[in-house]
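S.K.: Pasting the sequence and the predicted coordinates here, then a few questions.
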Amino acid sequence: MKNDQRILGIDPGSRATGFGLIDLIGSQVKYISSGVIKSTKGDFTERLKVIHKSVYKLIKEYNPDIMVIESVFVHKNPSSALKLGHARAAALCATFDFDVSVFEYSPREIKKAVVGTGAASKEQVQHMVVSLLNLDGTPAEDAADAIAAALCYSNQRAMYDSLKAMS
């Protein structure tokens with residue numbers, strides 16, 4: 001496993017897809033960039049195209065080693081889960097032309113890794129992202145969720161490295 005890694009976190013949504021980039025340098029985490037891909041114009045297929053093209057451009061520009069994406073969950077509305085699945089697929093397909101490893105975590109796993117509880121609110125996630133990365137401003141909710149996904153991977157990797165060192 002490569003010691004230093006650039007991690008792209010993705011919080012997929014059919015109208016707003018958050019992204020967050022961090023560098024994992026040894027055990028240190030450094031914030032690179034974040035934002036929200038807005039896909040509100042056009043029909044559903046056009047919105048998916050915007051997600052795909054935007055994530056593709058992010059990968060091409062920032063050259064991440066890892067992409068972490070939130071897994072699909074069904075809360076109350078199966079139709080929403082299907083749309084989320086399509087948005088995830090559009091983002092995942094953007095990795096196919098690149099050497100990017102993909103990891104996925106559930107929303108509860110991500111919140112637990114960053115806040116300490118899987119039932120954390122969006123505001124708590126934002127607060128912890130700002131605190132952990134010493135950010136000057138508060139990222140949008142979707143961007144904070146994407147950064148949290150990237151941080152979840154970095155926490156998992158730190159645990160893996162610790163266990164490996166003990167064996």
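M.R.: That came through, no problem. Numbering: from 1, shown residues only.
S.K.: For Gly9, grab phi and psi.
M.R.: phi -90, psi 140 (degrees, to the nearest 10).
S.K.: lowest average confidence, helix or strand, in this structure?
M.R.: The helix or strand of the chain with the lowest confidence, counting by mean pLDDT, DSSP states H and E, is helix 141-166 at a mean of 82.
S.K.: can you pull the alpha-carbon coordinates of the helix or strand encompassing Gln124 into PDB?
M.R.: Counting by DSSP states H and E, the element that carries Gln124 is helix 122-133. Presented in PDB, the C-alpha positions along helix 122-133 are these (Å, rounded to 0.1, in the frame of the first residue of the first chain):
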ATOM      1  CA  LYS A 122     -25.300  17.200   8.900                       C
ATOM      2  CA  GLU A 123     -24.300  20.100  11.100                       C
ATOM      3  CA  GLN A 124     -22.200  17.900  13.300                       C
ATOM      4  CA  VAL A 125     -20.400  16.400  10.300                       C
ATOM      5  CA  GLN A 126     -19.700  19.900   9.000                       C
ATOM      6  CA  HIS A 127     -18.400  21.000  12.500                       C
ATOM      7  CA  MET A 128     -16.100  18.000  12.700                       C
ATOM      8  CA  VAL A 129     -14.700  18.400   9.200                       C
ATOM      9  CA  VAL A 130     -13.900  22.000   9.900                       C
ATOM     10  CA  SER A 131     -12.300  21.000  13.300                       C
ATOM     11  CA  LEU A 132     -10.300  18.000  12.000                       C
ATOM     12  CA  LEU A 133      -8.900  19.900   9.000                       C
END
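S.K.: Now for Asp136, how many residues are close by?
M.R.: Neighbourhood size, Asp136 [other Cβ atoms under 10 Å]: 7. C-betas here are computed from N, CA, C, even on glycine.
S.K.: any idea how far Leu135 is from Gly35?
M.R.: For Gly35, the distance to Leu135 equals 13 Å [Cβ to Cβ, to the nearest Å].
S.K.: Actually, Ile51.
M.R.: Ile51 sits 25 Å away from Leu135, going by Cβ to Cβ.
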